[in-house]
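Engineer: I'll drop the sequence and a predicted model, then ask my questions.
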Amino acid sequence: DVVFLGVTPKVAEPVLPELAGGVREGQLIINLVATIPIARCREMLGGSCEVVKVVPLPPVAHHQGMTVICPPNDFTTTLFNMLGSSVSVTDESQQRAMQAATSQMGPLYAQCRALQHWLQGQNVPPATAAHFAGGFYNCISHDALVYGRDKGEKAFDMLIDEQTPGGLNEQAVKELTAMGVYANQEKVLDNILARLQKAAGAN
């Protein structure tokens, strides 16, 4: 009843039209192909199916993933909530922006590595430094998950404001802000989004 499209964009373009004859009217197609818009996917499959585009993150393999779904679909939401959690949006431009945000996975790992290397420079054994760096980011991300889910648009302002006045975390945020770290993060995201828009033929 449900077809999953999980091929690369280069493979999808020639293959999808070949599948059109086997797709029933109204059949649910869950599209994991990052750069093929919903309308284009539906067109290549004959135009009569229901296409839902999803952007899952790798931790779905451990049932800890976050998936972005467009448009909202009850079956798809139930399925991906079993693999972690999900958010649904009604517009592909919103989903594309969130897809750009997934590019911050690599920088997070690079930040873990930088912390590990710094700790090693302070004579912490490499394996211990790596274990701590991974565990540290994992444990503090719990509050980010809960606040982001439950506290609304000011969630992360609240978490930052909770840091001890004059404390180490407040100092770190101020210094990184002054260095332009967060402003440059937004520039990188703009560049990633522009690449995705170009690939999808969107504005």
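Structural biologist: That came through fine.
Engineer: after the biggest helix by length in the chain, which helix or strand is next? Please name it.
Structural biologist: When the chain is parsed with DSSP state H, its longest helix is helix 126-150. Under the assignment DSSP states H and E, the closest C-terminal helix or strand after helix 126-150 is helix 155-161.
Engineer: need the residues that contact the lowest-mean-pLDDT helix or strand in the chain.
Structural biologist: Least confident element among the helices and strands of the chain, by mean pLDDT, DSSP states H and E: helix 9-19 (a mean of 87). Residues outside helix 9-19 that contact it (C-beta atoms under 8 Å, 6 or more residues apart in numbering): 3, 5, 7, 33, 34, 35, 36, 41, 44, 45, 199. Where you see a C-beta, it was placed from the backbone N, CA and C, and this is true even at glycine.
Engineer: dump those into TSV; add secondary structure and distance to residue 147 as well.
Structural biologist: Shown next, in TSV, are these (DSSP: H, G, I helix; E, B strand; the rest coil; distance: C-beta to C-beta, whole Å):
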residue	secondary structure	distance to residue 147
3	strand	37
5	strand	34
7	coil	37
33	coil	33
34	coil	28
35	coil	32
36	coil	34
41	helix	35
44	helix	41
45	coil	40
199	helix	33
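Engineer: show me which of these are buried.
Structural biologist: Burial by neighbour count, 16 or more other C-beta atoms under 10 Å: within these this picks out 3, 5, 33, 34, 35, 36, 41, 44, 45.
Engineer: in what helix or strand does residue 90 lie?
Structural biologist: With DSSP H and E as the test, residue 90 turns up in no helix or strand.
Engineer: these two touch, right, it and residue 72?
Structural biologist: Yes - using C-beta atoms under 8 Å, residue 90 makes contact with residue 72 at a distance of 6.7 Å.
Engineer: the residue located most distally from the centre of the chain sits in which helix or strand?
Structural biologist: Relative to the centre of the chain, the most outlying C-alpha is that of residue 123, 34.8 Å out, by C-alpha atoms, centre = their mean. Of the helices and strands defined by DSSP H and E, none includes residue 123.
Engineer: so which pair among the buried ones among the contacts of helix 9-19 is furthest apart in space?
Structural biologist: 3 and 35 (18.6 Å; C-beta to C-beta).
Engineer: check what pLDDT residue 194 gets.
Structural biologist: Residue 194 is assigned a predicted lDDT (pLDDT) of 96.
Engineer: for it, which three-state class applies?
Structural biologist: helix (DSSP: H, G, I helix; E, B strand; the rest coil).
Engineer: ok, now which ones touch residue 37?
Structural biologist: Neighbouring residues of residue 37 by C-beta under 8 Å, 6+ apart: 53, 92, 200, 201, 202.
Engineer: what about it, distance to residue 144?
Structural biologist: Distance of residue 37 to residue 144, given as C-beta to C-beta, to the nearest Å: 30 Å.
Engineer: and residue 92, by the same measure?
Structural biologist: 26 Å.
Engineer: who's more crowded, those two?
Structural biologist: Taking neighbours as other C-beta atoms under 10 Å, residue 92 and residue 144 compare with residue 92 leading, 17 against 13.
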